[in-house]
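Visitor: Generate a structure from the sequence data that follows.
(4 chains)
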Number of protein chains: 2
Amino acid sequence: MTVLSDIRLPVRAETPSLVESLADALLQPILAGAWRPHDRLPSEHALAEQHHVSRAVVREAIARLKSDGYVETRQGKGAFVAAAPGGKAFRLDSAGDDDHLLELRALIEADCAALAAERHTERDLRNLRAAQAAMRDAVAAGGLGLAEDIRFHDVLAEAAHNPALRRFAAFIGRHAREAMQLARLSQLREQNRLAEIEAEHGAIIAAVERRDPQAARAALQNHIAGGLRRHGL
Amino acid sequence: MTVLSDIRLPVRAETPSLVESLADALLQPILAGAWRPHDRLPSEHALAEQHHVSRAVVREAIARLKSDGYVETRQGKGAFVAAAPGGKAFRLDSAGDDDHLLELRALIEADCAALAAERHTERDLRNLRAAQAAMRDAVAAGGLGLAEDIRFHDVLAEAAHNPALRRFAAFIGRHAREAMQLARLSQLREQNRLAEIEAEHGAIIAAVERRDPQAARAALQNHIAGGLRRHGL
DNA sequence: TCCAGATAACTTGTCAGGCAGGTTACCGCC
DNA sequence: GGCGGTAACCTGCCTGACAAGTTATCTGGA
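Guide: Sure thing, here's the model as predicted:
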């Protein structure tokens, strides 16, 4: 069972390390377009001097940009802005606007629901019902059923039978839950709204079972909208 | 205008660096669940000895895992598997199956089209028509209009008025195009199928203009399906 | 015996310098 | 003018060291 103490609040605003600061500083001109694809970056030695850090710090910062696909390095030649900057990893941290993030999540999960309606197996349906039952039990036991709710949405994504979609749904779901300020979840019990969630989950299962993609999509959008309403957004 | 020589083929299967190898080696037990969240990793010194590399290499490998959100480090305590491993960045490189990637792209772009139908402004509509005209001109000039096609899809995503969605559409679009083996694009001209693309784009614009989300979604899915057919997938 | 404080032994963060291997540009020689 | 060698760059990788934070142990006093 998930309790409030398990929820990790963003308490610490730790001082960013030299590596992080430098990586951000180097990313800036790339994002802004001041450094264009195929441009050569200053050498590690030059960057170390300019930013008053050691070459090791420069190397780690560039390594980070490399792994995200912003720069490519070639031994003996130098470091270059990648042809398609940022093509290796998708991040949400810079997005700032929660509304757009939550909407993106709603779209993705609606896609999951629609595909699940078309493709689910008997096993998927059993898993969905089991996930809902687990959440009902958790709530009955006095918990909030947070972990069980996450599990329900993952099972739904699994029923879409597309691993890439499932992985992205899990990824954006985590960010969306953080954006919704989970600390407020305690209000759910007070306002006795956990029953609403269960009813909405049930509607999703029913639409999936009927193999009705449009209804599944609509049921999920209604569920997300309900979540936003419950969190006062 | 985009020509074939601009298309970057995946020729090089360069030897992975020590850092990349080690980062993958450390990621393995995390993904497999052998190292669970909050577990402590071996110290940098121990890892350096185990893998017969220097501490600098270990540090860069761990820095990469940190930036992806797989591990967190605290000075004096050590490195730990993150509570939500991989929560900071979404990657597609490991998802071997192209079909799922291409389907995810179709879903995302269909969402873009549906939202664009609901929210587009006059300016968006002008941009869409301009993008289509640019592609027509490029094709008329003997090119394949690849860059213009990319632009059309980006303008469509922009018309959805959700920056997060637009960024993800661009991200997955790049990967999808790579998966479709762009080198085969030369077949398009031979088979005179560029006109098909233009017609499909036109259908999307028409649905958006009518503010008909379902039709826009269907038009885009038809467009993606046509692309797959044209590439023999 | 128990407790508190000093301390030693870890950890990561950062620095300095160096060598190896690859690339480029220049310069002198033919 | 062309060609080859070489020097000066670049990144990849290594070694060794110190600073700063954390933890466990040990010691001394009550």
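Visitor: what ranges do the helices span in chain A?
Guide: A:18-32, A:44-51, A:55-67, A:98-119, A:122-140, A:146-159, A:163-179, A:186-190, A:194-209, A:213-230 (DSSP state H).
Visitor: just the angle between the last one and helix B:213-230, please?
Guide: Orientation note: helix A:213-230 sits at an angle of 120 degrees relative to helix B:213-230 (axes from the mean of the first three to the mean of the last three CA atoms, to 10 degrees).
Visitor: what's the answer for the first one, then?
Guide: In this structure, helix A:18-32 runs at an angle of 90 degrees to helix B:213-230, with the same axes, to 10 degrees as the basis.
Visitor: go on, the longest one?
Guide: Relative orientation of helix A:98-119 with respect to helix B:213-230: 70 degrees, computed using the same axes, to 10 degrees.
Visitor: For helix A:98-119, buried residues please.
Guide: A:98, A:100-117 (16 or more other CB atoms under 10 Å in any protein chain shown). To be clear about C-beta, it is placed using only N, CA and C from the backbone, and glycine gets the same treatment.
Visitor: what does the third one give?
Guide: Applying a neighbour-count criterion of 16+ other CB under 10 Å, the buried positions in helix A:55-67 are A:56-67.
Visitor: again with the second one
Guide: If you call a residue buried by 16+ other CB under 10 Å, then helix A:44-51 has these buried ones: A:44, A:47-48, A:51.
Visitor: Please list which of those residues are also close to DNA strand D.
Guide: A:Glu44 (CB under 7 Å from any atom of the strand).
Visitor: Reformat the buried residues of helix A:44-51 as JSON lines; add pLDDT.
Guide: Formatted as JSON lines, these follow (pLDDT from 0 to 100):
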{"residue": "A:Glu44", "pLDDT": "94"}
{"residue": "A:Leu47", "pLDDT": "93"}
{"residue": "A:Ala48", "pLDDT": "94"}
{"residue": "A:His51", "pLDDT": "93"}
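Visitor: For chain A, which residues are neighbours of chain B?
Guide: Counting by CB under 8 Å from any CB of the partner chain, the positions of chain A adjacent to chain B are A:8, A:19, A:23, A:56, A:59-60, A:63-64, A:67-68, A:83-84, A:86-93, A:95, A:97, A:100-101, A:103-104, A:107-108, A:111, A:115, A:162-165, A:167-168, A:171, A:174-175.
Visitor: Contacting DNA strand C as well, which ones from the residues you listed?
Guide: Applying CB under 7 Å from any atom of the strand to the residues of chain A next to chain B, those adjacent to DNA strand C are A:19, A:56.
Visitor: Not counting sequence-adjacent ones, nearest residue to the residue nearest the centre of chain A?
Guide: With distances taken as CA atoms, centre = their mean, the residue of chain A nearest its centroid is A:Ile172 (2.3 Å). For A:Ile172, ignoring the flanking residues on the chain, the nearest one in space by CB to CB, 6 or more residues apart in numbering or on different chains is A:Arg105 at 4.8 Å.
Visitor: Could you measure from the one you found over to DNA strand C?
Guide: 31 Å (CB to the nearest atom of the strand, to the nearest Å).
Visitor: Tell me the pLDDT of that residue.
Guide: pLDDT, the model's per-residue confidence, is 94 for A:Arg105.
Visitor: Surely it is in contact with A:Ala170?
Guide: No. A:Arg105 lies out of contact with A:Ala170 (CB atoms under 8 Å); the separation is 10.7 Å.
Visitor: Distance of the most far-flung residue of chain A relative to its centre relative to DNA strand C?
Guide: The centre of chain A is farthest from one residue, A:Gly76, which by CA atoms, centre = their mean lies 38.2 Å away. The spacing between A:Gly76 and DNA strand C, counted by CB to the nearest atom of the strand, is 3 Å.
Visitor: OK, contacts around that residue?
Guide: By CB atoms under 8 Å, 6 or more residues apart in numbering or on different chains, no residues touch A:Gly76.
Visitor: Tell me the spacing between it and A:Pro37.
Guide: To A:Pro37, A:Gly76 is 20 Å away according to CB to CB, to the nearest Å.
Visitor: what does chain A put close to DNA strand D?
Guide: A:41, A:43-46, A:55-56, A:59, A:62, A:73-79.
Visitor: For chain A, spot the helix or strand the model is least confident about on average.
Guide: Least confident helix or strand, chain A: helix A:186-190 with a mean of 57, by mean pLDDT, DSSP states H and E.
Visitor: Below-threshold pLDDT in chain A: ranges please.
Guide: Low-confidence segments of chain A, defined by pLDDT under 70: A:1-15, A:93-96, A:181-192, A:232-233.
Visitor: what does chain A have sitting close to DNA strand C?
Guide: A:17-19, A:52-57, A:74-77.
Visitor: which two in those residues are spaced the farthest apart?
Guide: Maximum pairwise distance among the residues of chain A next to DNA strand C (CB to CB): 29.0 Å, between A:Ser17 and A:Gly76.
Visitor: how close does A:Ser21 get to B:Glu178?
Guide: 32 Å.
Visitor: swap in A:Ala164?
Guide: 14 Å.
Visitor: Next: A:Leu115.
Guide: Distance from A:Leu115 to B:Glu178, by CB to CB: 23 Å.
Visitor: ok, now A:Ala141?
Guide: 49 Å.
Visitor: higher neighbour count, those two?
Guide: Shown here are A:Ala141 and B:Glu178; by other CB atoms under 10 Å in any protein chain shown, B:Glu178 has more neighbours (17 against 9).
Visitor: Report the separation between the two terminal residues of stretch A:28-48.
Guide: Using CA to CA, to the nearest Å, one end of stretch A:28-48 lies 17 Å from the other.
Visitor: now that stretch, how far from the centre of its chain.
Guide: Offset of stretch A:28-48 from its chain centre (CA atoms, centre = their mean, to the nearest Å): 29 Å.
Visitor: So what touches that stretch?
Guide: For stretch A:28-48, using CB under 8 Å, 6+ apart, the contacting residues are A:22, A:26, A:50, A:54-55, A:57-59, A:62, A:65, A:70-71, A:78-85.
Visitor: Show me what counts as buried in that stretch.
Guide: Those would be A:30, A:35, A:41-42, A:44, A:47-48, for stretch A:28-48 by 16+ other CB under 10 Å.
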